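Asker: sequence first, then the predicted structure:
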Protein chains: 2
Amino acid sequence: MADTPAEPSKSALKKAEKQAKMAAEKAAKAAKAAALPIVGGKKVDDIIGMTVSKTENFSAWYTEVVLKAEMIEYYTEISGFFILRPASMFIWNVIRKWFQERIEAMDVEEASFPMFLSKTSLDKEKDHVEGFAPELAWVTKAGEKDLEVPVAVRPTSEAVMYPYYSKWIRSHRDLPLRLNQWNSVVRWEAKQTTPFLRAREFLWQEGHTAHLTEESAGEEVLQILELYAGVYEDLLAVPVVRGRKTEKEKFAGGYYTTTVEGYIPSNGRGIQGGTSHCLGQNFSKMFDITVEDPAPKVGDKAKHLHVWQNSWGLSTRVIGVMVMIHGDDKGLVLPPRIARLQAIIIPVGINKSTTPEEKAKHFDQLQDLKATLKKAGVRSDYDIRDSYTPAWKFNDWELKGVPLRLEYGPKDAAKSVVSYARRDTGEKGTISIADLATEIPGLLETIQKDMYTKAEASFREHRLVINKWDEVVPALDAKNVVLIPHCLAEKCEDKVKDLTTGKPEEAEGPLELKAPSMGMKSLCIPFEQPAGIVSGETKCLNPECEAFAEKWCMFGRSY
Amino acid sequence: MADTPAEPSKSALKKAEKQAKMAAEKAAKAAKAAALPIVGGKKVDDIIGMTVSKTENFSAWYTEVVLKAEMIEYYTEISGFFILRPASMFIWNVIRKWFQERIEAMDVEEASFPMFLSKTSLDKEKDHVEGFAPELAWVTKAGEKDLEVPVAVRPTSEAVMYPYYSKWIRSHRDLPLRLNQWNSVVRWEAKQTTPFLRAREFLWQEGHTAHLTEESAGEEVLQILELYAGVYEDLLAVPVVRGRKTEKEKFAGGYYTTTVEGYIPSNGRGIQGGTSHCLGQNFSKMFDITVEDPAPKVGDKAKHLHVWQNSWGLSTRVIGVMVMIHGDDKGLVLPPRIARLQAIIIPVGINKSTTPEEKAKHFDQLQDLKATLKKAGVRSDYDIRDSYTPAWKFNDWELKGVPLRLEYGPKDAAKSVVSYARRDTGEKGTISIADLATEIPGLLETIQKDMYTKAEASFREHRLVINKWDEVVPALDAKNVVLIPHCLAEKCEDKVKDLTTGKPEEAEGPLELKAPSMGMKSLCIPFEQPAGIVSGETKCLNPECEAFAEKWCMFGRSY
């Protein structure tokens, strides 16, 4: 599947890597320093949190937030690999469950194919494999013995699965055949790796389906794309643009690729969110997947048809996009629907004058609050760790992105209310305990919607429809992606990238100032097209291109 | 995790393999032949089903049933690998969901660690790794480049995970740390592979936990073991014996291993079902996982304690055990709780004299029946494929193991009843349509219970308590496992295996007659001990052993 982001300049990446590592080390030191006083049993009043600002150094901020919020651990034994900690896996599992239910309703079934490809079967379909060849991890030995034929760890499973599609599909009655698997794939990238966004091993789902007709395949491509959009918009509160990839950017060996594209406001870059490919009959011809024509024309003798195939994949990258969009200088900000903890209850106003009886009674009430919330379907917990101050706890849970903080002290108890603070806006208020079961779920939904609305407005404002070439680079520099009239030719895209790539000697200074040196590439041809292109009249915006524009195409600097 | 069954004799295996392959080829040919007439649009009245008898050739029968019921496809590209088709993955997902809910309630969290181990970290803990070394798959190249340090695909994840346990566990407040992952592992077995039972890659869950005390670790070991027993007994209708592994059979590097052991009546072999290990402090010492003593004795200075660790794993092997126990000469027999389709509705009595209107009305009623069953929580479907006779369909769904067949024809319609046939017993009857929503779920539960009861009785009858050595081999030959008084010493176990191993020259003839040549090994020390061992008085049953018996130990020929 095409997870093939653009290549940022190498020197920029080296610098970013260094800064990120320094930030990570600093973060680790800070965390360690923070932990020490607790081990000794002392009280800790230090406020432990983020040390890097999102606007000042976005890359370092990102590394720090995924580490400190305990989403990721770097697998130091082998570079380019990451450990997904429970905070990440919870989110992935919410997505998995949501998506699984919906593809089940489409009669997609689950299967599990081996993780290895033999060299022999790879050689059968060189065109498709060519793109993955430099990234294949080769097993050449088992124990002490060399394998007769080396095997590669799958980078994607077309070549693993399709020989069996050929075997299993014997009649049009076996169509559509729709299988999906949840697994991990390995692409030994030489490029800079980044938690979630680009890793040498990543979790994903890969769906592979076969259909009798182009129409049936095409319908499914869009159904799946809409589900991918739903994962972003409905669960992660991340807006995306739906569209088709250009010929240059489509999946190698496929017919056409549809995509949902996201946008990272902090650096103005586009990011590919998930792709749903129609493979056409290319693979069915390579792998000889045919059925007898169920409706031959009168007089014709029966003929064999090659099936139409799709493949579609969504990876843990979605989590990284969500972190980048919603996080702030205090840490992670999680949309309520995917947050493991939606509300954290923190006792306040407990001090030296509080009697043990009062304290015990107060803590009983915390349990009641949690029970009430659980009944209302809210995932909550209380934090009664006694070596920390409330202020320390506030920061800790903010760092971890919990959408709602509920403060509860003797004063609140006296008034039968709970005080709250929203993670996304910082807004505070009180809610009567009698109304908790209705108000909190409502408030969580409001947060979810507000987070989406804010991100959507930001993407909309930074998606500029541009008709003058001179406005393109300034628009990119101002952290926009652009929609321009384009001829959609591959060569022209290459030229557009060249023309918008800054010269290396200009690329000095800190990371964020270096971003302008990256050329733009096409992100997608949005399904929703602005008006204004007149066929055979509107020119392609590339000043060095003579062709007419075919479509509005979204370009941007990108991951 | 110790999935380490005994080694049957090589020649027996070669022969079994050949027979199984021949059966598989025959099966494939039969299936192909069966399919051809449909492709041509002709009606097929042939009864397609199993060609091998379970009692006559158990190994070949097993291969045929997992292939023809579409649970497994052999991955012909690389030997020892299998494709799990939707019929298998459905079962695995039922188990996964059931187990996941229960470990979540125990506060076990999910994580995802990389699939590779570096050579460097493997070298750190040689003792544990030694057992896996001959089976490690080594990645030595990425693209065209040799890796500086080769990496192995995980055979299990202790060495991947525990360096991070050392990092994350900084205080007793971080305990217990309980992580689980669902993934696949690779063990490049040189031995004969068998679908589900022994594959070079298999799906499993692996739980890895750390505790402050031995007591806390020990409690969890048994909680998990009880869940493993629950998977077998409550979901798969397979009885197991709970017990502890002997020193010889425990997990390499661990402290003690608990296990659930199953029994295959067809060949009288024991089979390890799932293992829950207490690792003691062995790994925490290797990986330096410590916390400061939270309750040092008065006057002592603070000291560091090594944590207590467990690991536990359950694999797709469970599916193979279920197939072996319940299947019959007609094919698979699925316990209702794990069956993807619990009831199949087949229209009968539709013939040439049926008018199109009558047929349409009848098919509408099938939809009503399905809707009623769905509402009652029953997974059902109807089979209206019109190129097959009812008899063909009966056989097809019997082959696939659907627990309940519902026949519905005009005569049933006239009486407002549905006729049923149980897959497990063949028992037939009728149910009033008005009672379907209560009767069918009840009947499915009855089938589930009856299947367990039958298997349990069989295991109980073939678990012989034996006090005389001379009775041991005849008991094994009569397809029993045996409980004998044993000293539990490793050397004595080796001797017992030798003494019960038949001589190669005796091992002629067809497969099932060759089984007697296999020596017996210890399966477990059952928690439920028969009476009769007097400490310091009862002798170990091995005639060449001088020691006293410690416990009743269950021995058997085994997988």
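Answerer: The structure has been received and is ready for your questions.
Asker: report the central residue of chain A.
Answerer: A:Val318 (1.4 Å; CA atoms, centre = their mean).
Asker: ok, that one touching A:Val240?
Answerer: No - A:Val318 is not in contact with A:Val240 according to CB atoms under 8 Å; the separation is 10.1 Å. For every residue, glycine as well, the C-beta is placed using N, CA and C.
Asker: count the residues that sit near A:Asp107.
Answerer: A:Asp107: 9 surrounding residues under other CB atoms under 10 Å in any protein chain shown.
Asker: now it: how far from A:Phe90?
Answerer: Distance from A:Asp107 to A:Phe90, counting by CB to CB, to the nearest Å: 28 Å.
Asker: and A:Leu222, by the same measure?
Answerer: 30 Å.
Asker: look at the two and report which has more neighbours.
Answerer: More crowded of A:Leu222 and A:Phe90, by other CB under 10 Å: A:Phe90, with 20 against 14.
Asker: quick one: low-confidence ranges for chain A?
Answerer: A:1-48, A:125, A:127, A:504-516 (pLDDT under 70).
Asker: thinking again about what came up before, can you list residues touching both of A:Val318 and A:Val240?
Answerer: When contacts are counted by CB atoms under 8 Å, 6 or more residues apart in numbering or on different chains, the set common to A:Val318 and A:Val240 consists of A:Tyr232, A:Gly273.
Asker: got the end-to-end distance for stretch A:314-331?
Answerer: This stretch, stretch A:314-331, spans 25 Å end to end (CA to CA, to the nearest Å).
Asker: and that stretch, which residues are buried?
Answerer: Neighbour counts over stretch A:314-331 (16 or more other CB atoms under 10 Å in any protein chain shown) mark A:314-328, A:330-331 as buried.
Asker: narrow those residues to those in helices?
Answerer: In helices, judged by DSSP state H, the following of the buried residues of stretch A:314-331 are found: A:Arg317, A:Val318, A:Ile319, A:Gly320, A:Val321, A:Met322, A:Val323, A:Met324, A:Ile325, A:His326.
Asker: does the third one touch A:Ile91 like I think?
Answerer: Yes - the pair formed by A:Ile319 and A:Ile91 meets the contact definition of CB under 8 Å, at 5.5 Å.
Asker: what sits against the closest residue in space to A:Tyr255 that isn't next to it in sequence?
Answerer: Among residues not flanking A:Tyr255 along the chain, A:Gly280 sits closest, at 2.9 Å (CB to CB, 6 or more residues apart in numbering or on different chains). A:Gly280 sits next to A:Glu214, A:Gly254, A:Tyr255, A:Tyr256, A:Trp308, A:Gln309 when contact means CB under 8 Å, 6+ apart.
Asker: who's in contact with A:Ala237?
Answerer: Applying CB under 8 Å, 6+ apart, the residues contacting A:Ala237 are A:Met322, A:His326, A:Pro335, A:Arg337, A:Gln448, A:Met451, A:Tyr452, A:Ala455.
Asker: just give me the closest of the residues you listed to chain B.
Answerer: Of all the contacts of A:Ala237, A:Met322 has the smallest distance to chain B: 17.1 Å, by CB to the nearest CB.
Asker: skipping adjacent residues, who's closest to that closest one in space?
Answerer: A:Leu236 (4.2 Å).
Asker: do the same with A:Tyr164
Answerer: Closest residue in space to A:Tyr164, ignoring its immediate chain neighbours: B:Glu73 at 5.8 Å, by CB to CB, 6+ apart.
Asker: over to A:Ser416?
Answerer: A:Ile433 (4.8 Å).
Asker: what is the neighbour count of the one you found?
Answerer: Here the number of neighbours of A:Ile433 (other CB under 10 Å) works out to 19.
Asker: right, and it touches A:Val418 too?
Answerer: Yes - counting by CB under 8 Å, A:Ile433 does reach A:Val418; the two are 6.2 Å apart.
Asker: what is in contact with the two at once?
Answerer: Overlap between the contact sets of A:Ile433 and A:Val418, as judged by CB under 8 Å, 6+ apart, is given by A:Leu369.
Asker: give me the phi and psi for the closest residue to A:Ser53 other than its chain neighbours.
Answerer: Leaving aside its sequence neighbours, A:Ser53 sits nearest to A:Asp329 (CB to CB, 6+ apart; 5.3 Å). Main-chain dihedrals, A:Asp329, degrees, to the nearest 10: phi -70, psi -10.
Asker: so how far is chain B from A:Asp329?
Answerer: Distance of A:Asp329 to chain B, computed by CB to the nearest CB, to the nearest Å: 25 Å.
Asker: then A:Pro530?
Answerer: Going from A:Pro530 to chain B by CB to the nearest CB gives 42 Å.
Asker: also A:His486?
Answerer: 33 Å.
Asker: and for A:Leu175?
Answerer: 13 Å.
Asker: look up the closest residue to that residue, ignoring the ones flanking it.
Answerer: Per CB to CB, 6+ apart, closest to A:Leu175 is A:Leu212, 4.7 Å.
Asker: the residue of the stretch 351-500 of chain A found nearest chain B: how many residues sit nearby?
Answerer: Residue nearest to chain B within the stretch 351-500 of chain A: A:Arg385 (7.6 Å; CB to the nearest CB). Look at A:Arg385: counted by other CB under 10 Å, it has 12 neighbours.
Asker: so who does it touch?
Answerer: A:Arg385 sits next to A:Lys393, B:Arg173 when contact means CB under 8 Å, 6+ apart.
Asker: sorry, back to before: wait, what's in contact with the residue nearest to A:Ser416?
Answerer: A:Ile433 sits next to A:Leu369, A:Thr372, A:Ser416, A:Val417, A:Val418 when contact means CB under 8 Å, 6+ apart.
Asker: ramachandran angles for it?
Answerer: The phi and psi values for A:Ile433, taken as degrees, to the nearest 10, are phi -60, psi -30.
Asker: that one and A:Ser535: what is the separation?
Answerer: A:Ile433 sits at a distance of 64 Å from A:Ser535 (criterion: CB to CB).
Asker: equivalent analysis for A:Pro296, please.
Answerer: With distances taken as CB to CB, A:Pro296 is found 38 Å from A:Ser535.
Asker: which one's more surrounded, the two?
Answerer: Neighbours per residue (other CB under 10 Å) separate A:Pro296 from A:Ser535, with A:Pro296 holding more: 12 against 8.
Asker: I'd say the more buried one and A:His172 touch.
Answerer: No - using CB under 8 Å, A:Pro296 is not in contact with A:His172; the gap is 11.5 Å.
Asker: okay, and the beta partners of A:Phe548?
Answerer: On the basis of DSSP bridges, A:Phe548 is bridged to A:Lys539.
Asker: just list the residues touching it, thanks.
Answerer: Applying CB under 8 Å, 6+ apart, the residues near A:Phe548 are A:Cys487, A:Ser535, A:Gly536, A:Glu537, A:Thr538, A:Lys539, A:Cys540.
Asker: so what are the domain limits for chain A?
Answerer: A:47-326, A:343-450, A:463-502+A:512-556 (the TED database).
Asker: please identify the most buried of these.
Answerer: For the domains of chain A, average neighbour numbers computed from mean count of other CB atoms under 10 Å in any protein chain shown are highest in domain A:47-326, which has a mean of 20.
Asker: how distant is it from the center of its chain?
Answerer: Here the centre of domain A:47-326 is set off from its chain's centre by 12 Å, with CA atoms, centre = their mean, to the nearest Å.
Asker: what about the strands in the stretch 101-250 of chain A?
Answerer: Using DSSP state E, counting those that start in this stretch, the strands of the stretch 101-250 of chain A run over A:109-110, A:116-118, A:137-142, A:145-153, A:177-186, A:201-211, A:241-244.
Asker: ok, the first one: who's next to it in the sheet?
Answerer: Right, strand A:109-110. Strands that pair with strand A:109-110, judged by DSSP bridges, come out as strand A:177-186 (parallel).
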